[in-house]
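J.: Model the structure of this input:
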Amino acid sequence: MLTSEKAIPERRTRSLSMVKQLVEARAEMLSLYGTLAGKKPFTDVEDVSELLAEFCAQMIDYTANAHFQLYRYFAENRERRASIAAVSNKIYPRIVDITQSVLDFNDRYDSDQQRHELGTLEADLSRLGEELAERIELEDQLVNALSRTRVPAS
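T.: Have a look, this model is predicted:
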């Protein structure tokens, strides 16, 4: 087998592994989101603050890993499969916008002081939830495109 022929299955296996990690991190983040949202009306400030810190950390990990492991690959135009490149080109600009919303939420609730000022948390969490739902729908388009690509048998 030629070196370039061997590299194709390795790249595809690597991209499918990145997708698996993305989906797992996303599931963990969504679980924490649901637990946090379930604390409404956010009266137990200590409990909510601790959960909010954990949620923000998981959300940033998920977002950063997705960006640096998967989306960076597409942003650098390294994808050779036309169908997958078309999906990534379509969704990536909106993914970038939503990533900024995630960072803005994290910045707002990143400090202990801000985590104890929960007056706008319900509205902010609701907006964030809508953004995350859209991001997941977009990501799933890419996940589906990548999943349709078969890794050739060695």
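J.: Provide a list of residues in contact with the most centrally placed residue in the chain.
T.: Taking C-alpha atoms, centre = their mean, the centroid of the chain lies closest to residue 63, which sits 4.2 Å from it. Residues in contact with residue 63, defined by C-beta atoms under 8 Å, 6 or more residues apart in numbering, are 99, 102-103. (C-beta placed from N, C-alpha, C; glycine too.)
J.: In those, which residue is surrounded by the most others?
T.: Among the contacts of residue 63, residue 102 has the most neighbours (other C-beta atoms under 10 Å), with 20 neighbours.
J.: Quick check, it in contact with residue 127.
T.: No - using C-beta atoms under 8 Å, residue 102 makes no contact with residue 127, being 11.1 Å away.
J.: On the C-terminal side of the longest helix anywhere in the chain, identify the next helix or strand.
T.: Assignment by DSSP state H gives helix 3-37 as the longest helix of the chain. Using DSSP states H and E, the helix or strand that follows helix 3-37 in sequence is helix 45-65.
J.: Now that following helix - C-alpha only, CSV.
T.: The C-alpha trace of helix 45-65 is given here as CSV (Å, rounded to 0.1, in the frame of the first residue of the first chain):
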residue,chain,number,x,y,z
VAL,A,45,-26.8,30.7,45.6
GLU,A,46,-24.0,28.5,46.9
ASP,A,47,-25.4,25.3,45.2
VAL,A,48,-26.1,27.1,41.9
SER,A,49,-22.8,28.9,41.9
GLU,A,50,-20.9,25.7,42.3
LEU,A,51,-22.9,24.0,39.6
LEU,A,52,-22.6,27.1,37.3
ALA,A,53,-18.8,27.0,37.7
GLU,A,54,-18.7,23.3,36.8
PHE,A,55,-21.0,23.9,33.8
CYS,A,56,-19.0,26.8,32.5
ALA,A,57,-15.8,24.7,32.7
GLN,A,58,-17.3,21.8,30.9
MET,A,59,-18.9,24.1,28.3
ILE,A,60,-15.5,25.8,27.6
ASP,A,61,-13.8,22.4,27.4
TYR,A,62,-16.4,21.1,24.9
THR,A,63,-16.2,24.3,22.8
ALA,A,64,-12.4,24.5,22.8
ASN,A,65,-11.9,20.8,22.0
